[in-house]
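*Asks:* predicted model follows, preceded by the sequence.
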Amino acid sequence: MQGLSAAPPAAFLLLLPVLCLLSPLRPAGAAAPASGERELDAGSRLAAGAARVALQYLNFQSGSPAALRALGQLRKATVKSTPDSGHKYYLQFTAEDYQSGANAGSCLATVLYPRRAAPPVVTIKCSPTKDQTHLQEEDSRLYQTLRHQTKPITASNIPDSYGNIEPALEPIWALAVAGSSYIMWEKSREDLGYSMAQVKSAKQWIRKDEWIEFDYTVLLHELPTQEMISCHMRLTWLPAHPLRVKHFCASENQGLEDGSGSAAGTLQDRAVSF
């Protein structure tokens, strides 16, 4: 899998403005890090966690089940500590297609973990590897399939106990990953991260308007505690529009956690009682 340093000159030039923006990712031979800033090993758990958070933010913001990305290989990481803001990570890594594992380009990102209890502040830019028109067509095909359901889709245990996902359920899983990315980003802290483990249940609601709506119960794997967090999520989706998510999560130690969000800001949807 190619990293940024092995990318063709044209691809590098496309990312050059972002590279300048993320100036702490210095080329070899550059000056030593400024005071309060240090390089991290490529195997750093905290750096990899920050890269995953950046991709979770990107996956939610894109609102596209066809464009989901996962972390490939961390190439370079720097962290800077500021007295007022918190720890800020400067990251360079490769990405993979979430479903196929194919190369999905290189990314540059910054992730700031505020000192107060708040979601990470993320800036991320990735080089495209898929044609945007093709992605839009994939989303449109999925939308048309779900939009014309006369009987609501219901499903459970995706993937199954053997780790398999039936082809017909892959879009339902992808939508759940896109929506859960909001929850995982919102809950993440510098020493606490999440990955999607399983859709325990999924139920479609047939709406009279143009939006697609699902209720999900999902299991999130919390790291490094290894705890499984159960979250109920109501997701509404329309291609080329911000994804909308309402959720609450429960765990043995934490009880209930309520939240809602939209890629465009606060969720403006009808009230939901879980």
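*Replies:* The structure has been received and is ready for your questions.
*Asks:* ranges for the helices of the stretch 51-200 of the chain?
*Replies:* Taking DSSP state H, counting those that start in this stretch, the helices of the stretch 51-200 of the chain run over residues 132-147, 170-187.
*Asks:* out of those, nearest to Ser195?
*Replies:* Across the helices of the stretch 51-200 of the chain, Ser195 has its closest neighbour in helix 170-187 (7.3 Å, Cβ to Cβ). In short, each C-beta sits where N, CA and C put it, glycine included.
*Asks:* all strands of the stretch 151-274 of the chain, in order?
*Replies:* 154-158, 193-205, 212-223, 228-237, 244-251, 255-262 (DSSP state E, counting those that start in this stretch).
*Asks:* which among these is found nearest to His87?
*Replies:* Closest among those, once you apply Cβ to Cβ, is strand 193-205, at 14.1 Å.
*Asks:* wait, Arg52 sits on Gly72?
*Replies:* No - between Arg52 and Gly72 there is no contact under Cβ atoms under 8 Å: 11.0 Å.
*Asks:* and for the two, which residues touch both?
*Replies:* Common neighbours of Arg52 and Gly72, using Cβ atoms under 8 Å, 6 or more residues apart in numbering, do not exist here.
*Asks:* tabulate the helices of the stretch 51-200 of the chain (CSV), appending mean neighbour count and mean pLDDT.
*Replies:* What follows is the helices of the stretch 51-200 of the chain, written out as CSV (neighbours: other Cβ atoms under 10 Å; pLDDT from 0 to 100):
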stretch, mean neighbour count, mean pLDDT
helix 132-147, 15, 90
helix 170-187, 24, 95
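*Asks:* which of those helices sits closest to Ala240?
*Replies:* That would be helix 132-147 among those, by Cβ to Cβ, at 7.5 Å.
*Asks:* other residues contacting the closest one?
*Replies:* Counting by Cβ under 8 Å, 6+ apart, 64-67, 153, 171, 174, 204, 210, 212, 237-240 sit against helix 132-147.
*Asks:* one more pass at 6 Å, please.
*Replies:* Identification of contacts with helix 132-147 by Cβ atoms under 6 Å, 6 or more residues apart in numbering yields 64, 66-67, 171, 212, 239.
*Asks:* again with stretch 97-104
*Replies:* 1, 68-70, 95-96, 129.
*Asks:* likewise for stretch 107-116?
*Replies:* Taking Cβ under 6 Å, 6+ apart as the rule, stretch 107-116 contacts 18, 22, 50, 53-54, 86-93, 95, 120-126, 190.
*Asks:* can you select the buried ones among those residues for me in PyMOL?
*Replies:* In PyMOL, a selection of the buried entries from the contacts of stretch 107-116 looks like this (16 or more other Cβ atoms under 10 Å):
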select buried, resi 18+22+50+53+54+86+87+88+89+90+91+92+93+95+120+122+124+125+126+190
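*Asks:* rewinding a little: okay, the helices of the stretch 51-200 of the chain in TSV with distance to Ala77 next?
*Replies:* Putting those into TSV (distance: least, Cβ to Cβ, whole Å) gives the following:
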stretch	distance to Ala77
helix 132-147	28
helix 170-187	18
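*Asks:* among the contacts of stretch 107-116, which are in strands?
*Replies:* 86-93, 95, 121-126 (DSSP state E).
*Asks:* ok, back up a step: looking at the helices of the stretch 51-200 of the chain, which is closest to Val79?
*Replies:* helix 170-187 (18.7 Å).
*Asks:* packing partners of that closest one?
*Replies:* helix 45-62, strand 193-205, strand 212-223, strand 228-237, strand 244-251 (3 or more Cβ pairs under 6 Å, 6 or more residues apart in numbering; DSSP states H and E).
*Asks:* ok, back up a step: any chance of the strands of the stretch 151-274 of the chain in CSV, plus mean neighbour count and distance to Val111?
*Replies:* Output for the strands of the stretch 151-274 of the chain, formatted as CSV (neighbours: other Cβ atoms under 10 Å; distance: least, Cβ to Cβ, whole Å):
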stretch, mean neighbour count, distance to Val111
strand 154-158, 15, 29
strand 193-205, 19, 11
strand 212-223, 20, 16
strand 228-237, 20, 21
strand 244-251, 20, 20
strand 255-262, 14, 18
